[in-house]
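Trainee: Prediction below, plus the sequence it came from.
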Amino acid sequence: MKIVHITFLAFLAVLSICTGEAFGQNSDPRLLSSESFALSPEATAAGIYGKLRVNATVAKDGSLKDVFLYGQLAWPCGKNVEDQIHATMAAIKENLKKSKFAPALKDGKPQNVGIGFDFAVGETYKEMMRAEEAEKAAAAGMPLPKIVDYGVLKGRAVYLPHPDYPKIGTFGPIRNDTIIRIIVGKDGSVESAGVISGLPQNFTPTRIAACSSKFTPTLLRGEPIKVTGTIIYSFDPTPNRPPTF
């Protein structure tokens, strides 16, 4: 089955429009309509944000089927909001199923086609906008950005605990990585975390470990700032061998 990669972002409360290739005897699926998406008041109050990878099928009738969400939304460390996380992901899936597409065509006939796209909510979209504004501000010598992306943060860690290994379970026959995106506060503590990719059974223990990590405070022109970055946990299928960084 052909896989079409498109971008499909929900910024704040509004779902963006994505388009396929031009119409003709052979064409990719094209989004016709979608319902706007808004985080629930409870999810907003919980500080939920992030970006999910979505794989789905645009059916011959233009409906979106077989919707799968990969990754995990992020939320502030120290809060128990997993019920809201699950509810939000379920709401995203139901929202996406209401989208309508012009189906893919091959020799003028509708086809079932797999698509892949990103779905972002809350602060994640705001971060995208802030990044653009920061570039303009830096060029103009204006005030400093509030958050700087430092990429992989291992080298800046003061304390980087291992995930709770006994709860990890079976990893499978191959080595695998779980990648966590975090926001580090001005004092070096982790304020929030969310999974970018990895096996679902690793999500909770790696996020707990990430939230317990400590980093060297970051100064920019002598001022403490927040930074965002990632921690990569590499799991080895060898029995009783703890994950590495």
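Mentor: Nice, thanks for sending it over. Computed from a predicted model, the values in this text were never measured in an experiment.

Trainee: residues in contact with the residue nearest to the spatial centre of the chain?
Mentor: Centroid check for the chain by Cα atoms, centre = their mean gives Lys51 as the closest residue, at 2.7 Å. By Cβ atoms under 8 Å, 6 or more residues apart in numbering, the contact set of Lys51 is Gly71, Asp118, Phe119, Ala120, Val121, Thr124. (Each C-beta comes from the backbone N, C-alpha and C, glycine too.)

Trainee: quick one: the last one and Ile48 touch, right?
Mentor: No: counting by Cβ atoms under 8 Å, no contact exists between Thr124 and Ile48, whose distance comes to 10.1 Å.

Trainee: if we can go back for a sec, which SS state does the nearest residue to the residue nearest to the centre of the chain once chain neighbours are set aside fall under?
Mentor: Among residues not flanking Lys51 along the chain, Ala120 sits closest, at 4.1 Å (Cβ to Cβ, 6 or more residues apart in numbering). Following DSSP: H, G, I helix; E, B strand; the rest coil, Ala120 is assigned to strand.

Trainee: So Ala120 is in contact with Gly50, correct?
Mentor: Yes: with contact defined as Cβ under 8 Å, Ala120 reaches Gly50; the gap is 7.2 Å.

Trainee: dump the residue contacts of the nearest residue to Ala59 once chain neighbours are set aside.
Mentor: Excluding its sequence neighbours, the residue lying closest to Ala59 (Cβ to Cβ, 6+ apart) is Lys65, at 5.2 Å. Residues in contact with Lys65 (Cβ under 8 Å, 6+ apart) are Ala56, Thr57, Val58, Ala59, Lys97.

Trainee: Show me what Lys65 is bridged to.
Mentor: Judged by DSSP bridges, the bridge partners of Lys65 are Thr57.

Trainee: if I look at it, how far off is Leu219?
Mentor: Lys65 sits 50 Å away from Leu219, going by Cβ to Cβ, to the nearest Å.

Trainee: try Gly108
Mentor: Distance from Gly108 to Leu219, counting by Cβ to Cβ: 62 Å.

Trainee: The longest strand along the chain packs against which elements?
Mentor: When the chain is scanned for its longest strand (criterion: DSSP state E), the result is strand 223-235. Here strand 223-235 touches strand 147-152, strand 176-184, helix 203-211, strand 218-220, going by 3 or more Cβ pairs under 8 Å, 6 or more residues apart in numbering; DSSP states H and E.
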